[in-house]
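Trainee: Starting from these lines, generate the structure:
(one chain, ligands or ions: 1)
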Amino acid sequence: MLENISSVKVSGGWHKQYTHSSQSTHCTMRFAVFLPPGASEANKVPVLYWLSGLTCTDENFMQKAGAFKKAAELGIAIVAPDTSPRGENAPNEDSYDFAQGAGFYVNATQAPYNTHFNMYDYVVSELPALIEQHFPITSTKAISGHSMGGHGALMVALKNPTAFVSASAFSPIVNPIECPWGVKAFTGYLGNDKALWKQYDSCELMKNAEQAHYLPMLVSQGDADGFLQEQLKPENLVAIANKKGYPLTLEMQAGYDHSYFFISSFIDQHLLFHHQFLTA
Ligand SMILES: N[C@@H](CCC(=O)N[C@@H](CSC=O)C(=O)NCC(=O)O)C(=O)O
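Mentor: Here you go, the predicted model:
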């Protein structure tokens, strides 16, 4: 059961927020959807899923990325889920990079997180089913995200290459098993078994990707991003892509940092990138 909590007209389309009771995360989840002008049951549109980063909700991308005009022009819907389970029953920590606001798009195996922190199931299965049931949106999907959400977008696409037509990311954590944010999150959610960690690591997943299931992939990265060397490491993914002939393009952008100022500067390019595959 969806509850509509806001509806605002923008760029000729509609930005709407909903809450619902989630079977994956066992709590009330909120998500946002942008419907471009003309989307209707008689004219269903394809969709870009956006996964946000640490500390975000469904609102950061929608309010700061400046995506509506181009998405309206291209006829693409956008769906932005929250980044974790929420509420007093979901465990939390006094920390910006773990627990609420930092679900890392995995299914936790470790107590007390394993009841609620099942964001992988939520974004891969539960949310798309809900979206296709309730909105004039087709099953043709692309996926993108930022930082922790960039890890989520690339990882989800690499694990489900037939479910998406294309994947992109801004400033993604490409190798979480080799950086402090990822090691902290994966230890907390998945325990000490590093074989389990590898199932959610884009570098490890790309190493095992089959050529028949390669997806077009675009990564944008600012070279003035303070997290670049310690946390993000895009060169690790590029090395694997080059070795395998995986169709990944990394665009380094001079002077840009880790913020939504960077995302808003290049979101049109990412929407155009996905549009060519969403409408092929
Ligand atoms: N608050 C933290 C840094 C938090 C931060 O930079 N969050 C980014 C995503 S980082 C990786 O996932 C973000 O998107 N923030 C929300 C926004 O609207 O900018 C610190 O103090 O270092």
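
Trainee: Report whether stretch 232-252 contacts the ligand.
Mentor: No: for stretch 232-252, no contact with the ligand is found by C-beta under 6 Å from any ligand atom; the gap never falls below 8.9 Å. Where C-beta positions appear, they are placed from N, C-alpha and C, glycine not excepted.

Trainee: What lies in contact with that stretch?
Mentor: With contacts defined as C-beta atoms under 8 Å, 6 or more residues apart in numbering, stretch 232-252 is touched by 147, 154, 171-175, 178-179, 202-203, 206-207, 209, 211, 214-223, 225, 228, 266.

Trainee: do the same with stretch 61-75
Mentor: Stretch 61-75 is contacted from outside by 10-13, 15, 32, 34, 36-39, 45-46, 48, 50, 52, 77-78, 80, 146, 260, 263-264, 267-268, 271-272, 275, using C-beta under 8 Å, 6+ apart.

Trainee: Just the ones in helices from the residues you listed, please.
Mentor: 260, 263-264, 267-268, 271-272, 275 (DSSP state H).

Trainee: what's the most distant pair in those?
Mentor: Spatial extent of the ones in helices among the contacts of stretch 61-75 (C-beta to C-beta) is set by the pair Y260 and H275 at 21.3 Å.

Trainee: Keep the contacts of stretch 61-75, but drop any that are not near the ligand.
Mentor: Restricting these to those within reach of the ligand (C-beta under 6 Å from any ligand atom) leaves 146, 260.

Trainee: Of the contacts of stretch 61-75, just the buried ones, PyMOL syntax please.
Mentor: Buried subset of these, written as a PyMOL selection, criterion 16 or more other C-beta atoms under 10 Å:
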select buried, resi 11+13+15+32+34+36+39+45+46+48+50+52+77+78+80+146+260+263+267+268+271+275
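
Trainee: Can you give the distance of stretch 197-213 from its chain's centre?
Mentor: On the basis of C-alpha atoms, centre = their mean, to the nearest Å, stretch 197-213 is displaced by 17 Å from the centre of the chain it belongs to.

Trainee: ranges for the helices of the stretch 1-150 of the chain?
Mentor: 59-64, 68-74, 119-121, 127-134, 148-159 (DSSP state H, counting those that start in this stretch).

Trainee: And for the closest residue to the ligand within the stretch 101-250 of the chain, the neighbour number?
Mentor: Proximity of the stretch 101-250 of the chain to the ligand (C-beta to the nearest ligand atom) peaks at S147, 2.8 Å away. Using other C-beta atoms under 10 Å, S147 is surrounded by 25 other residues.
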